[in-house]
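1. here are the coordinates; sequence isn't available:
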Ligand code: GLN
């Protein structure tokens with residue numbers, strides 16, 4: 001049924017970069033055979049899903065939506081892929097994204113833009129736009145995305161699905177093609193909170209192959225889904241309702257918060273005073289790390305090679321032709337910020353600001369169990385509307401980026417409509433307390 005659905009709608013939505021229906025049937029048959037032998041199927045047995053194309057899949061091309069990796073076939077599975085397979089997942093293919101996850105609309109894909117299933121003239125958000133559009137359009141039962149500065153939550157908000165960025169370290173990044181390693185985190189994109197809990201439970205947990213993965217027990221997230229939030233303290237940071245926010249989006253989000261109050265939560269306005277510095281600090285830290293991570297695409301080790309008269313010309317030809325304009329912009333910004341003489345003024349300063357942002361959250365979580373904000377200041381915008389203006393595009397991550405800077409878990413949950421388009425409520429939790437986020441989201445849903 002899902003493959004039929006892809007056939008019917010993907011020509012218009014354009015979520016998939018690579019389709020693997022044949023392998024999916026093989027996987028499904030293998031699960032049936034195991035069942036016939038009396039083996040107990042995994043918790044995701046037979047459920048069709050798809051993956052953002054920056055997650056390595058053994059034998060299946062993994063492009064990061066970049067010309068640079070158009071022909072690259074990884075020799076191994078990412079840890080999350082291995083875990084999903086072990087749980088019985090069936091993979092239908094790889095999903096479109098902004099090139100190397102840099103963007104907020106999926107218009108930076110090196111291949112084609114994905115469209116928002118609610119309105120095909122609008123963007124699905126990004127960078128996990130293909131993952132979110134596929135789930136929203138019924139082209140996959142769930143998907144995985146990656147979130148460096150909002151790339152799961154902002155598109156989830158634009159397309160009316162549930163998207164979670166777990167705590168930094170909760171899910172192994174082994175086999176996720178790196179963008180900004182201190183911020184990147186993989187997470188589930190699902191139609192409802194129960195599915196989110198189920199998928200998170202499968203992909204979370206310690207992995208010796210990722211030195212930043214946390215060696216902590218993984219709770220039973222499904223057991224945590226009790227619709228009981230009486231007495232829970234929820235902070236509402238006023239800085240997240242600032243300029244640039246569409247008034248109707250604010251109304252919808254405030255109404256959602258009022259509903260949490262009716263259900264017995266205690267909601268209170270609070271302040272995270274360094275919020276306004278999160279975006280500028282992110283645009284130093286993320287490009288700095290990206291410039292370093294992307295140095296490996298030199299025409300030698302991976303993907304594209306464009307010959308030249310000597311090795312330097314080969315490097316230059318490969319990188320000029322392989323990377324799109326946004327990726328080049330980030331490499332230039334990051335290289336500049338890390339240059340000797342500028343390092344202290346920009347990169348080091350940004351790291352100090354990051355500490356201040358983290359402390360804002362620590363102070364807030366001394367008083368509150370969780371925080372509630374809008375996921376994005378607007379509903380999905382039109383294709384092309386912000387494509388020529390990188391700063392306007394960067395502003396659509398105003399509410400999501402601070403959470404990556406602090407390494408905290410957060411979830412975007414559909415909470416209503418503005419102009420007929422979905423609006424997301426963002427819930428932000430204490431480090432490694434995904435269970436409380438899921439519980440509140442479940443109660444709300
Ligand atoms: N939109 C942000 C950026 O362009 C975040 C991207 C992401 O989370 N991968 O960097």
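-> Nice, thanks for sending it over. Note that the structure is predicted; figures quoted are calculated from it, not measured.
2. can we go C-alpha only for contacts and neighbour counts from here?
-> OK.
3. ok, residue 164 - how many residues close by?
-> 35 (other Cα atoms under 10 Å).
4. repeat for residue 317
-> Quick note: residue 317 (other Cα under 10 Å) scores 17 neighbours.
5. Name the residues of whatever helix or strand it lives in that are buried.
-> Using DSSP states H and E, residue 317 sits in helix 311-322. Neighbour counts over helix 311-322 (16 or more other Cα atoms under 10 Å) mark 314, 315, 316, 317, 318, 319, 322 as buried.
6. Out of those, which comes closest to the ligand?
-> Nearest to the ligand out of these is residue 322 (Cα to the nearest ligand atom; 18.4 Å).
7. List the residues that contact the residue lying closest to residue 305 once chain neighbours are set aside.
-> Among residues not flanking residue 305 along the chain, residue 299 sits closest, at 4.2 Å (Cα to Cα, 6 or more residues apart in numbering). By Cα atoms under 8 Å, 6 or more residues apart in numbering, the residues touching residue 299 are 305, 306, 314, 315, 318, 319.
8. CSV for the residues you listed, including distance to the ligand and pLDDT?
-> Listed next are the contacts of residue 299 as CSV, based on distance: Cα to the nearest ligand atom, whole Å; pLDDT from 0 to 100:
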residue, distance to the ligand, pLDDT
305, 25, 97
306, 27, 97
314, 28, 98
315, 25, 97
318, 23, 98
319, 20, 98
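9. Residue 398 and residue 424: what is the separation?
-> 14 Å (Cα to Cα, to the nearest Å).
10. Need the residues touching each of those two.
-> Counting by Cα under 8 Å, 6+ apart, the contacts common to residue 398 and residue 424 are residue 376.
11. Find me the pLDDT at the residue nearest to residue 305, would you?
-> Reading off the confidence values, residue 299 has pLDDT 95.
12. isn't there a helix covering it?
-> No - assessed with DSSP: H, G, I helix; E, B strand; the rest coil, residue 299 is coil; it does not lie in a helix.
13. sorry, back to before: out of the buried residues of helix 311-322, flag the one nearest to residue 1.
-> Nearest to residue 1 among these, counting by Cα to Cα, is residue 322 at 36.8 Å.
14. Near the residue lying closest to that closest one once chain neighbours are set aside, how many other residues are there?
-> Leaving out its chain neighbours, the residue that sits closest to residue 322 by Cα to Cα, 6+ apart is residue 68, at 4.2 Å. If you count neighbours by other Cα under 10 Å, residue 68 ends up with 26.
15. Enumerate every residue touching residue 68.
-> Neighbour list for residue 68: 297, 303, 304, 318, 319, 321, 322, 323 [criterion: Cα under 8 Å, 6+ apart].
16. Contact residues of this protein facing the ligand?
-> Counting by Cα under 6 Å from any ligand atom, the chain comes close to the ligand at 101, 102, 103, 104, 127, 147, 148, 149, 150, 151.
17. I'd like to know which of those residues are part of strands.
-> Within the residues of the chain next to the ligand, no residue falls in strands by DSSP state E.
18. And residue 398 and residue 424? Which one has more around it.
-> Using other Cα under 10 Å as the criterion, residue 398 and residue 424 rank with residue 424 on top: 34 against 25.
19. just checking, what packs against the helix or strand harbouring the more buried one?
-> Using DSSP H and E, residue 424 sits in strand 421-429. Secondary-structure packing of strand 421-429 (3 or more Cα pairs under 8 Å, 6 or more residues apart in numbering; DSSP states H and E): helix 153-159, helix 247-262, strand 370-374, strand 410-418, helix 434-444.
20. Who are the packing partners of the helix holding residue 317?
-> Checked by 3+ Cα pairs under 8 Å, 6+ apart, helix 311-322 has no helix or strand packed alongside it.
21. chain center to it, what's the gap?
-> 30 Å (Cα atoms, centre = their mean, to the nearest Å).
22. Could I get the average pLDDT for the helix or strand hosting residue 351?
-> With elements taken from DSSP H and E, the one containing residue 351 is helix 349-367. Averaged over helix 349-367, pLDDT sits at 98.
23. Now that helix: buried residues?
-> For helix 349-367, burial by neighbour count (16+ other Cα under 10 Å) applies to 350, 351, 353, 354, 356, 357, 358, 360, 361, 362, 364, 365.
24. before we move on, what about stretch 54-72?
-> Buried residues in stretch 54-72, counted by 16+ other Cα under 10 Å: 54-57, 60-70, 72.
25. Give me the average confidence score over that stretch.
-> For stretch 54-72, the mean pLDDT works out to 97.
26. Just the endpoints, please. Distance across that stretch?
-> Stretch 54-72: ends 11 Å apart by Cα to Cα.
27. Do a quick rundown of the helices in the stretch 51-200 of the chain.
-> 79-86, 129-136, 153-159, 193-203 (DSSP state H, counting those that start in this stretch).
28. now the ones you listed in CSV, with mean pLDDT, distance to residue 231 and mean neighbour count?
-> Below are the helices of the stretch 51-200 of the chain laid out as CSV (pLDDT from 0 to 100; distance: least, Cα to Cα, whole Å; neighbours: other Cα atoms under 10 Å):
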stretch, mean pLDDT, distance to residue 231, mean neighbour count
helix 79-86, 97, 35, 20
helix 129-136, 98, 33, 34
helix 153-159, 98, 26, 34
helix 193-203, 98, 21, 22
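29. Quick one: closest of these to residue 379.
-> Nearest of those (Cα to Cα): helix 153-159, 5.8 Å.
30. For the ligand, give me its nearest residue in the stretch 151-300 of the chain.
-> residue 151 (3.6 Å).
31. ok, so what distance separates that residue from residue 365?
-> Taking Cα to Cα, one finds residue 151 at 24 Å from residue 365.
32. now swap in residue 2 and tell me
-> Going from residue 2 to residue 365 by Cα to Cα gives 42 Å.
33. Also residue 258?
-> 20 Å.
34. likewise residue 354?
-> Using Cα to Cα, we find residue 354 at a distance of 17 Å from residue 365.
35. okay, now the nearest residue to residue 179 once chain neighbours are set aside: neighbour count?
-> Excluding the flanking residues, the one nearest residue 179 by Cα to Cα, 6+ apart is residue 290, at 5.1 Å. Using other Cα under 10 Å, residue 290 is surrounded by 24 other residues.
36. repeat for residue 43
-> For residue 43, the number of neighbouring residues by other Cα under 10 Å comes to 16.
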